[in-house]
Every structure is written in structure tokens, then in C-alpha cells.
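Asks: how does the following fold in three dimensions:
(one chain, ligands or ions: 3)
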Amino acid sequence: MTNSISIHPLIDQGIPRSAEAFAGGVLVCACTERPVKVRVEGPIAHNHVCGCTKCWKPAGATFSMVAVAPHDKVTVLENGDKLAVVDPAALIQRHACTECGVHMYGPVEREHPFQGLDFIHPERFQESGWQEPGFAAFVSSIIEAGADPKAMEGIRKRLTELGLAPYDCLSPALMDYIASWTAARTKTAQHN
Ligand SMILES: N[C@@H](CCC(=O)N[C@@H](CSCO)C(=O)NCC(=O)O)C(=O)O
Ligand SMILES: [Zn+2]
Ligand SMILES: [Zn+2]
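Replies: Ligands and ions are numbered 1, 2, ... in the order given. Next comes the predicted model:
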């Protein structure tokens, strides 16, 4: 019974399809008092579920749900004093609410193919209609968080059933994008 495996509470019953183009919204943390609010202006991209140990997950989830938006479209609206960077050494500078733990936005500031993008968790939007996740990244990494390696076959099967192709890194399209960026940079360096 692959149905008994919880991937993420919001998608275990099937992925909600976005009706129309998502125009952006406000991400809200889980605090009942003084919640942190972050505006994302315009659409999000590359929504996916992620099995890595670093992305924020709601209680009971095996995978996080994470997407990107351009950094200049992301603005802290309220209670930004509650935010702190989880790991200053990480590529993604995850800004988390120090009270409830929800990661609100994670900019990539270093020279990297994702530089200029912020990682966000669409499920924290107070609005609905955001682009649904399209693939599953870092699937093998759930073992690092305690999943039984013997359960992996069933988990990959369930992800596939949900329409989330499982990958142990990012999707082929994103991996090709990263490799193209690296190749272009290497070429430039060789010509200098
Ligand atoms: N096995 C590690 C993998 C962590 C990892 O590399 N995570 C990816 C994906 S996060 C969203 O897709 C990544 O790019 N991380 C950069 C960063 O975290 O700064 C683990 O599980 O910890
Ligand atoms: Zn909070
Ligand atoms: Zn992740």
C-alpha cells in the first residue's frame, strides 16, 4: 500500500492544480501573534518537493515544498525582527522565524547559477492558486533525516504516482541549467 506513505500533508490526497497564472501573494509564518509576513510580487517558478534535511517542512511531512522567486520581488512586510539566518555558511540563506521555525525566504547571494533567486515555501502563501510542484528533488536525502532505506522503493513509487518524478539531485532541466552556467564560466576563464 504505497498510499500509506506521507509525502507532504498538502499533496498526499493528490496535487491541487493551479487554476490560472499566480500573481504573487503574502507568505505568513505559523505564529499566532506578530506573524512574519513577506510579499512575493508576481509568479513563482520551479516549485518542487525536496527531501533534503535543510529545507523547512511542516509537521508530519517527509518532503518540503519549495519554489523560487526573483530576490527583487521579495519584500519583508511585517515583523522582520523575528527573522534569523539558519546557516550563514549555506548557499541558500534561509531566513527563519525564530519563534515558529518556518523558513520565510532564502536568497542565494553568492556567485552561483541561482544567484538572485530566493527559495520560498508556497504553502505559506495566504492566497491559493500557486503553481503546483512538478518534481521531487533530493529524494535519497530523506534517509539522512531518518527514513528507512528499505522504504525508498515505495516512496519513489508514490512520488511517481503523484506525478512528481523522483530525482536524487534536482530535475534534469535544472541540472542542465547549472552545468551550462558552469561550462560558460569555465570557457570565459580559459579565454582570459
Ligand atoms: N543531502 C543533503 C542535500 C542538501 C542540498 O544540497 N539541498 C539542495 C536543495 S534545497 C532546495 O531544492 C541545495 O541546493 N542546498 C543548498 C543549501 O542548502 O544552501 C541534505 O539532505 O542535507
Ligand atoms: Zn513565526
Ligand atoms: Zn531542500
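Asks: where are the low-confidence patches of the chain?
Replies: Residues of the chain meeting the criterion pLDDT under 70: 1-4, 19, 191-192.
Asks: how about the residues of it near ligand 2?
Replies: Within the chain, the positions adjacent to ligand 2 are 29, 31, 97, 99, 100 by CB under 5 Å from the ion. Glycine gets a C-beta too; all of them are placed from N, C-alpha and C.
Asks: in PyMOL, how would I select just the buried ones from those residues?
Replies: To isolate the buried ones among those in PyMOL, judged by 16 or more other CB atoms under 10 Å, type:
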select buried, resi 29+31+97+99
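Asks: next step: the residues of the chain next to ligand 2 restricted to strands.
Replies: Counting by DSSP state E, the part of these found in strands is residue 97.
Asks: for ligand 1, what are the nearby residues on this structure?
Replies: 50, 52-55, 66, 90-92, 119, 137-138, 141, 144 (CB under 6 Å from any ligand atom).
Asks: out of those, which comes closest to residue 131?
Replies: Minimum distance to residue 131 across the residues of the chain next to ligand 1 is 11.9 Å, recorded for residue 66 (CB to CB).
Asks: please identify the helix or strand for the spatially closest residue to residue 64 that is not a sequence neighbour.
Replies: Excluding the flanking residues, the one nearest residue 64 by CB to CB, 6 or more residues apart in numbering is residue 55, at 3.7 Å. Counting by DSSP states H and E, no helix or strand carries residue 55.
Asks: residues contacting residue 55?
Replies: 64, 66, 94, 103, 119, 121 (CB atoms under 8 Å, 6 or more residues apart in numbering).
Asks: may I see the buried residues of the longest helix seen in the chain?
Replies: Ranked by residue count under DSSP state H, the longest helix found in the chain is helix 172-190. Within helix 172-190, the residues that count as buried by 16+ other CB under 10 Å are residue 174.
Asks: contact partners of it?
Replies: Taking CB under 8 Å, 6+ apart as the rule, helix 172-190 contacts 46, 113, 169, 170.
Asks: and which of these is nearest to ligand 2?
Replies: residue 46 (25.0 Å; CB to the ion).
Asks: in the chain, which spans are strands?
Replies: Counting by DSSP E, the strands of the chain are 24-28, 37-41, 45-50, 64-70, 74-78, 83-85, 95-97, 103-107, 117-120, 135-137, 165-166.
Asks: one step back: what about the contacts of residue 55, which one has the most neighbours?
Replies: Neighbour counts for the contacts of residue 55, by other CB atoms under 10 Å, peak at residue 66, which reaches 26 neighbours.
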